[in-house]
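**Student:** Give me a model of this one.
(chains A and B)
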Amino acid sequence: MNDAPLVLCADDDPDILALLTLRLERAGYKVAQATDGEKALELARELKPAAIVLDVMMPRLTGTEVLAALRADEATKDIRVILISARAQDVDVERGLAAGADAYLAKPFQAPELTELVARMVSGG
Amino acid sequence: MTSTSVSEPLFGRPRLALPSRASVTYLAAGGAAIGIYFLLLLLPSGAGDAQDVWYCVIGASSVTAIFVAARRMEHARLAWNLFGIAISTSVIADGISGFYEMHLDKEPPVPSLTDGFYLVSYPFIFYGIYLLLRDFGPVRSRAAILDALIVAVAAGTVQWIFLVDPYLHTGDKVATRATEIAYPTFDLLMFVALAQIVLSFGGRVVSYELLVLSALLWVIGDEFFYLSVDNYHAGGWVDFFWLASYVGWGAAALDPSAGRETVRDRREVPRLTNARLALLGGALLTVPAVILVEHFWHGHTVHPKSVAIGAAVLSILVVVRFAGLVRAVEGARAAERSANARLRELDRLKDEFVSTVSHELRTPLTSISGYVELARELAVPEARGYLEIVERNADRLLSLVNDLLFVARIQSGGVELDKGDVDATTLVAECVTSARPHAAANNVSLQFKGGGSGTAVYGDMRRLGQVFDNLISNAIKFSPEGGEVDITVSSQNGLVCVRVEDRGIGISAAERSRLFERFFRSADALDRQIPGTGLGLYISKAIVEAHGGEITATSTEGEGSSFVVELPVRS
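**Tutor:** Next up, the predicted model:
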């Protein structure tokens, strides 16, 4: 269990954060939690997770801003990032991917969608 | 007044205003009287005397009409009483003049008591017109003032050249010359005042139209008189203008509109009515007209300085007026641009609002769906069924949110397409496959026939998939138990054609025309409580049309319906 990959989940909605955590822990990952963008960036730098599930609409720093900061930093630029958002219009997906996200997941999501995507990210696919 | 007042129509344009019955009756009687005046010429002898008397009778009738009418007026009574006094003094002057002719057999000298009475009528008329104009309210529009100035300068130039300047150098006594100049000067002022009335009131007012016409006849009579003063004799055709002026003035007073409140044209740039155009056009033509007239009469321009000054002042006024007009138009354009910018901003806010609402609706749905999914996995078998119902309804809510969001985007003018190469056969086959569980649950069988090669289109795979999903799902919903749905893809004449055919109850012709309207649901769908929002076909149509295609529905009631999507083939 100690070898389980670490996934950082960041979402300002505590229910959704808890849901993400539950789903990923049940799928065998270790999970770190952040409830805003600043905290997410801080934890990402500190813990170097295998993947980050990053909500777009968050206080202090938005997911997109966190993503930009991660990509700009040599130490964190290779961390795989999945953006999740309830804004799931085509333009939002495009913007997210253009900002450097590895994947984009629309809310609401189904459990298999989430776990399969994280698995792919962690395994480097 | 109350019982006989003309009823105004509630809707539409106001009726064309015609003079009232009293006014028309007086006009007719006056016309007949003028006719008699000229018939008196046929009398063998003493016609002059009879005419002089009859002339004064017509004038007196006008005075009576004005004073009688003024007594009943609620508004502008003073102005009309002043007009009554003015016409009275003029008629008295007519009487004195007639006395000279009848008993002394000569025209009165200049100046004489006659001139005194004639000239004193002008100030009364001017003050009356001033009161009417004041009643309209002050003129604030610069354009209206400029128009009035243009008319005044043009008329003044003409008046000066033809009727004032020549009398300045006659060599007569100063009093004679002053009197001779006083008439055209007053007539000029009268003309300018009349132009003010014409340019000032916003609607048609019968009384003022008659008033302007009468005063104009007065001025015209005077002008003809000055120009042919040596040939004038009582009973001549020039009298017609003065007599008609008297009759018109009386008729103007008798029309009820004389005593009503009037409305000024208060626009910043006054409306370009035909009257305004005629006045301004006529004013600008005066200078060339003067030059031509002098050229043909005298062989050269007699008043070059006056013509030049008149033309210069007119030019300046016209340029200022033109500049005001251009600036007003530019101002209106700028206002329009800023209004457009505001509309774009509103549009952006609306998009943002839709986006935010959609976000706010999806966030709780994420928790609901996510936790229900989790709970279903953990639940005892009995609870699992209930949780599935919650899940299904959360999905329905989500698709409704998606549909509404999409409709909002269609309305704000754009279906965004993520276009690429799409093979219609492959795409429709996938849609059929994913619809099989739904079809099986309803005991409906799906028959798919692909179109082979040549069914490639250039489009948005996800959106087109949404269209075919929707059509297939509708066909299943409206099929009877054990029914069959045929789905075929074909290509011909440069079009890829996807046909979805059911053998359901069909759609009536009346409903077929409304099928693609937003939120439309057929009576049958409502009767049988077939779930739906009435957005599917509306959205499908928008998507197909955004691809440059067409969606049509045909149906025979009782036999089934057929939906056809035609898309341009990828060249």
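**Student:** Figure out how far stretch B:377-392 is from the centre of its chain.
**Tutor:** Stretch B:377-392 has its C-alpha centroid displaced from the chain centroid by 65 Å (CA atoms, centre = their mean, to the nearest Å).
**Student:** Stretch A:5-19 now?
**Tutor:** From the chain centre to the centre of stretch A:5-19 is a distance of 8 Å (CA atoms, centre = their mean).
**Student:** cool, and stretch B:30-41?
**Tutor:** Distance, stretch centre to chain centre, for stretch B:30-41: 45 Å (CA atoms, centre = their mean).
**Student:** Nearest residue to B:Ile507 in space, please, no chain neighbours.
**Tutor:** For B:Ile507, the nearest residue in space outside its immediate sequence neighbours is B:Ser555; the separation is 4.3 Å by CB to CB, 6 or more residues apart in numbering or on different chains. Just so you know, the C-beta spots here come from the backbone N, C-alpha and C atoms, and that holds for glycine as well.
**Student:** What of B:Ile551?
**Tutor:** Distance criterion CB to CB, 6+ apart; nearest residue to B:Ile551, sequence neighbours excluded, is B:Val544 at 4.5 Å.
**Student:** quick one: which helix or strand includes that neighbour?
**Tutor:** helix B:536-546 (DSSP states H and E).
**Student:** C-alpha coordinates for that helix, CSV please?
**Tutor:** Taking Å, rounded to 0.1, in the frame of the first residue of the first chain, the C-alpha atoms of helix B:536-546 are listed here in CSV:
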residue,chain,number,x,y,z
GLY,B,536,-34.6,17.2,-29.4
LEU,B,537,-35.8,18.0,-32.9
TYR,B,538,-35.2,21.7,-32.5
ILE,B,539,-31.6,21.1,-31.5
SER,B,540,-31.2,18.4,-34.3
LYS,B,541,-32.5,20.9,-36.9
ALA,B,542,-30.1,23.6,-35.7
ILE,B,543,-27.1,21.1,-35.8
VAL,B,544,-28.0,19.8,-39.3
GLU,B,545,-28.5,23.3,-40.7
ALA,B,546,-25.2,24.4,-39.2
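**Student:** list the buried ones in it?
**Tutor:** Of the residues in helix B:536-546, those scored as buried under the neighbour-count criterion (16 or more other CB atoms under 10 Å in any protein chain shown) are B:536-544, B:546.
**Student:** repeat for stretch B:383-402
**Tutor:** Within stretch B:383-402, the residues that qualify as buried by neighbour count (16+ other CB under 10 Å) are B:387, B:390-391, B:394, B:397-398, B:401-402.
**Student:** Now intersect those with the helices, please.
**Tutor:** Secondary structure assignment by DSSP state H places B:387, B:390-391, B:394, B:397-398, B:401-402 of the buried residues of stretch B:383-402 in helices.
**Student:** Now tabulate the residues you listed in JSON lines and tack on pLDDT.
**Tutor:** What follows is these, written out as JSON lines (pLDDT from 0 to 100):
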{"residue": "B:Leu387", "pLDDT": "91"}
{"residue": "B:Val390", "pLDDT": "90"}
{"residue": "B:Glu391", "pLDDT": "89"}
{"residue": "B:Ala394", "pLDDT": "89"}
{"residue": "B:Leu397", "pLDDT": "87"}
{"residue": "B:Leu398", "pLDDT": "86"}
{"residue": "B:Val401", "pLDDT": "84"}
{"residue": "B:Asn402", "pLDDT": "83"}
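**Student:** Would you reformat those residues as CSV and include distance to B:Pro111?
**Tutor:** Output for those, formatted as CSV (distance: CB to CB, whole Å):
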residue, distance to B:Pro111
B:Leu387, 115
B:Val390, 109
B:Glu391, 110
B:Ala394, 105
B:Leu397, 100
B:Leu398, 101
B:Val401, 95
B:Asn402, 96
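**Student:** Chain A: strands as residue ranges?
**Tutor:** Secondary structure of chain A, counting by DSSP state E: strands at A:6-10, A:30-34, A:51-55, A:80-85, A:103-106.
**Student:** B:Asn443 is nearest to which of those?
**Tutor:** Checking those against B:Asn443 by CB to CB gives strand A:103-106 as the closest, at 33.3 Å.
**Student:** Direction included, what does that closest one pair against?
**Tutor:** When sheet partners are counted by DSSP bridges, strand A:103-106 sits next to strand A:80-85 (parallel).
**Student:** can you list contacts of the strand it pairs with?
**Tutor:** Contacts to strand A:80-85, defined as CB atoms under 8 Å, 6 or more residues apart in numbering or on different chains, come from residues A:11, A:50-57, A:63-64, A:67, A:70, A:92, A:96, A:99-107, A:109, A:117-118, A:121-122, A:124, B:359.
**Student:** ChimeraX command for the buried members of those?
**Tutor:** To isolate in ChimeraX the members of those that are buried, counting by 16+ other CB under 10 Å, one can use:
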select /A:11,50,51,52,53,54,55,56,57,63,64,67,70,92,96,99,101,102,103,104,105,106,107,109,117,118,121,122 /B:359
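**Student:** Which ones among the contacts of strand A:80-85 map onto helices?
**Tutor:** Per DSSP H, the contacts of strand A:80-85 map to helices at A:63-64, A:67, A:70, A:92, A:96, A:117-118, A:121-122, B:359.
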